[in-house]
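**Student:** Need coordinates for the below:
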Amino acid sequence: MIPLRKSFKIHWQIGIVLGFCLVFVIGLSTFSLAEKTTITALIGPDTTGFDHTVVNLFEKENPNIHVELIEGPHSTDAREEMYIRASEAKESPYDLVWCDIIWIPPLAAKGYLLPLDNYLDINQLYAQHFKATVDGSVWKGKVYRVPAMSDAGLIYYRKDLLAKGGFSPPETFDDLISTAQKLQDPARGLWGFVFQGAEYEGLDCFYLEWLWGNGGYYYDPKTRKVGIDSPEGIGATKLLVDLIYKYKITPKDVLAFQEEESRHFFQNGKSVFLRNWPYVWILANKPDVPVAGKIGAKPEVYAPGQKPYATQGGWGFAISKFIESEKIPAAVKFARYHASYKIQKLSVKIAGRDASMRAIYYDPEVLKWNPHFAWLRDVLEHTRWRPATPIWPELSDIMAKYLHKAMIKELTPEEANKEMAKEARRAVKEYWGE
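**Tutor:** Down below sits the predicted model:
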């Protein structure tokens, strides 16, 4: 039996040791927590769960980094405005921003993005990705975005209805219009053609495809010339208006449609044709969707003597210029992980996205999921940019405003395009001082 005094001494010594151990464990825990970096990322709505899946995978591989996703509205215009407003205060609640290809010139010109040249090999980017997606990540010779996704406008069609009527997929504007007229039945809820007709960037993307396919152009950044009031430009606007009022293949509801409204309309069996982005393929072919297995996709339509054009889209993560310096390595690591082959391939499977890496379009497993990737890679090699200029947000707003005025018949196509040209030329002159 241990004497009382000796027992007290032993217990006191044990208590001291345990106390030190407890302090050490608490200190270690505090140190670990302090070492864990939290970064925020502004993205669009995660409709497929892909973005949260990627974060979970990333955090398992990088337990010292926590990524907080901030889902903004579906409208790309609205998300860009969110980021701009935050950056104007020379600080940002968003460490990373899921950046459209056309955002780079204005955001980089304003000094709102962090140059990434020290973290990326530009030659490697060009070797692995479609050229346009890398070009769209560069401004004034510096890299500002990690490309992770390409994009291009497509025409979707009901292949079952075309086959039943003995029609081939349309090549020209006239082909699409005449086929839609013959196959539609508005009285029974089946329209000919829907697209993104709301007053926003999506309308501009669609319109530019038909403008270019009609031989026209809006603004040339090299010459700084505006050409939207040309006969070809006015003709493209007239086509949009005539779809609703003359040919009657498009419902007036389209005036409020963005990507998701038009997708749901088409995949619920309410239209023969749809103009939208490649992400629609996966969602419209889900087992519980009415048109699953009944759709096809093809390049845009165009005027006789012209050729098809797809508006170049594309996304990737950029990093805020106002990020805390100690967070930069974590932000770069996540952006690069998100753009890796493994994750881009996963994005095709889960979200139906167009990868920006060429090799994915030759992957046998990917081609099994998305057979149209076999010809889509050629489309993505020959897309056309919206004008790459710091004033694109203003030019885009001007275009959408006057297109919408024409589509609601507030102005004729000729009046709308002339006013569009006048305002665009004024904006160009004010910015460049010419």
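**Student:** show me what contacts residue 216?
**Tutor:** Going by CB atoms under 8 Å, 6 or more residues apart in numbering, residue 216 touches 227-228, 230, 232-233, 235-236. For glycine as for every other residue, the C-beta is placed from the backbone atoms N, C-alpha and C.
**Student:** pLDDT weak spots in the stretch 201-350 of the chain?
**Tutor:** For the stretch 201-350 of the chain, no stretch is flagged by pLDDT under 70.
**Student:** hang on, the earlier thing: which pair in the contacts of residue 216 has the greatest spatial separation?
**Tutor:** Greatest spatial distance among those (CB to CB): 227 and 235, at 12.6 Å.
**Student:** sorry, back to before: just the closest of the contacts of residue 216 to residue 84, please.
**Tutor:** Looking across the contacts of residue 216 and measuring by CB to CB, the closest to residue 84 is residue 228, at 25.0 Å.
**Student:** ok, now how distant is the closest one from residue 206?
**Tutor:** 15 Å (CB to CB, to the nearest Å).
**Student:** what do you get for residue 367?
**Tutor:** Residue 367 is 27 Å from residue 206, by CB to CB.
**Student:** try residue 118
**Tutor:** As judged by CB to CB, residue 118 and residue 206 stand 38 Å apart.
**Student:** Between the two, tell me which one has more neighbours.
**Tutor:** With neighbours defined as other CB atoms under 10 Å, residue 118 and residue 206 compare such that residue 206 has more, 21 against 9.
**Student:** Let me see the contact set for that one.
**Tutor:** 153, 195-196, 275, 311.
**Student:** can you rerun that using 7 Å?
**Tutor:** Going by CB atoms under 7 Å, 6 or more residues apart in numbering, residue 206 touches 153, 195-196, 275.
**Student:** re the thing from before, please produce JSON lines containing the contacts of residue 216, extended by neighbour count and distance to residue 105.
**Tutor:** Shown next, in JSON lines, are the contacts of residue 216 (neighbours: other CB atoms under 10 Å; distance: CB to CB, whole Å):
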{"residue": "227", "neighbour count": "17", "distance to residue 105": "20"}
{"residue": "228", "neighbour count": "28", "distance to residue 105": "19"}
{"residue": "230", "neighbour count": "18", "distance to residue 105": "24"}
{"residue": "232", "neighbour count": "17", "distance to residue 105": "25"}
{"residue": "233", "neighbour count": "26", "distance to residue 105": "22"}
{"residue": "235", "neighbour count": "19", "distance to residue 105": "28"}
{"residue": "236", "neighbour count": "27", "distance to residue 105": "24"}
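**Student:** Closest one to residue 333 out of those, please.
**Tutor:** residue 228 (43.3 Å).
**Student:** Provide the secondary structure category for that closest one.
**Tutor:** For residue 228, the assignment made with DSSP: H, G, I helix; E, B strand; the rest coil gives coil.
**Student:** so how far is residue 150 from residue 339?
**Tutor:** Taking CB to CB, one finds residue 339 at 12 Å from residue 150.
**Student:** of those two, who's got more company?
**Tutor:** residue 150 (32 against 24).
**Student:** Confirm that that one sits in a helix.
**Tutor:** No - remark: residue 150 does not belong to a helix; assigned using three-state DSSP, it is strand.
**Student:** Name the helix or strand for residue 120, please.
**Tutor:** Remark: residue 120 resides in no helix or strand, with elements defined by DSSP states H and E.
**Student:** ok, the nearest residue to it once chain neighbours are set aside - how many residues close by?
**Tutor:** Residue nearest to residue 120 in three dimensions, not counting chain neighbours: residue 143, with 5.4 Å by CB to CB, 6 or more residues apart in numbering. Around residue 143 there are 23 other residues, counting by other CB under 10 Å.
**Student:** For residue 143, give me its contacts.
**Tutor:** Going by CB under 7 Å, 6+ apart, residue 143 touches 115-117, 120, 122, 137.
**Student:** quick one, strands of the chain?
**Tutor:** 37-43, 65-71, 96-100, 138-139, 142-143, 146-152, 154-158, 191-194, 219-220, 225-226, 271-276, 295-298, 312-319, 354-355 (DSSP state E).
**Student:** Alright, that wraps it up for me.
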